[in-house]
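Engineer: Build me a structure from this.
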Amino acid sequence: METIAVYWEPRIKTYGFQRLTDLAFVEFSYPVHEMESLGEVLSRDELQDVKTKFMIAQESDGDISFVFCLPHKEGKDFHESLEKDLGPTTHRYIYPVAIIFFYGPHFGDRYGIADATFSTLSNADIEVIASGCSSASVFLVLVQDDIDKAEKVLGEAFEVAK
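Structural biologist: I've put the predicted structure just below:
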């Protein structure tokens, strides 16, 4: 006989919410078979000091999609460089965006964290532009105007551990 234990609490505990504001969101796709030319663009000297605050990448149907959140000026410069050097690619630029992120004492042992996060934001009519989750943390990219409301509703849904 095997015993499986699951940690459960009525309100999910978190250590609090952190935020990064005044960021630019840059998203683009590029053909996987042309990665060498993308590498040449991304390795240029003017892009070496870019301070990425959030990045995700995913391959699908022969393209690789990237999402970057960067400080405003770096994000704008990066976006303009991509437009100039990569030619016609699928891309999107949003400014200003913010990131709210959090983790908790039992995030690796408890299910339902993503559901609680996304349903809370959906019920409050807050759009998530991009997200990244691990067993220990949640990162959410939102329109900057929604950051205060998001922290408020998430603070009501989650319990801040003391």
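Engineer: Please determine how far the closest residue to residue 124 other than its chain neighbours is located from residue 118.
Structural biologist: In this structure, residue 124 finds its nearest non-sequential neighbour in residue 153, 4.5 Å apart by C-beta to C-beta, 6 or more residues apart in numbering. Yep, even glycine has a C-beta here, placed from its N, CA and C like the rest. Between residue 153 and residue 118 the computed distance is 12 Å (C-beta to C-beta, to the nearest Å).
Engineer: Likewise for residue 11?
Structural biologist: Distance from residue 11 to residue 118, by C-beta to C-beta: 16 Å.
Engineer: The two - which one has more neighbours?
Structural biologist: Neighbour tally, residue 11 and residue 118, criterion other C-beta atoms under 10 Å: the higher count belongs to residue 118, 16 against 11.
Engineer: That one belongs to a helix?
Structural biologist: Yes: under DSSP: H, G, I helix; E, B strand; the rest coil, residue 118 sits within a helix.
Engineer: ok, it touching residue 128?
Structural biologist: Yes: Residue 118 is in contact with residue 128 according to C-beta atoms under 8 Å; the separation is 6.8 Å.
Engineer: Would you quantify the distance from residue 41 to residue 16?
Structural biologist: 38 Å.
Engineer: I should have written residue 56 there, sorry.
Structural biologist: As judged by C-beta to C-beta, residue 56 and residue 16 stand 23 Å apart.
Engineer: Which residue of these two possesses the greater neighbour count?
Structural biologist: The residue with more neighbours, out of residue 56 and residue 16, is residue 56; 15 against 12, by other C-beta under 10 Å.
Engineer: Please pull out the lowest mean pLDDT helix or strand from this protein.
Structural biologist: Lowest by mean pLDDT, DSSP states H and E among the helices and strands of the chain is helix 35-42, with a mean of 80.
Engineer: Quick check: residue 67 touching residue 55?
Structural biologist: Yes: Residue 67 is within contact range of residue 55, at 6.6 Å (criterion: C-beta under 8 Å).
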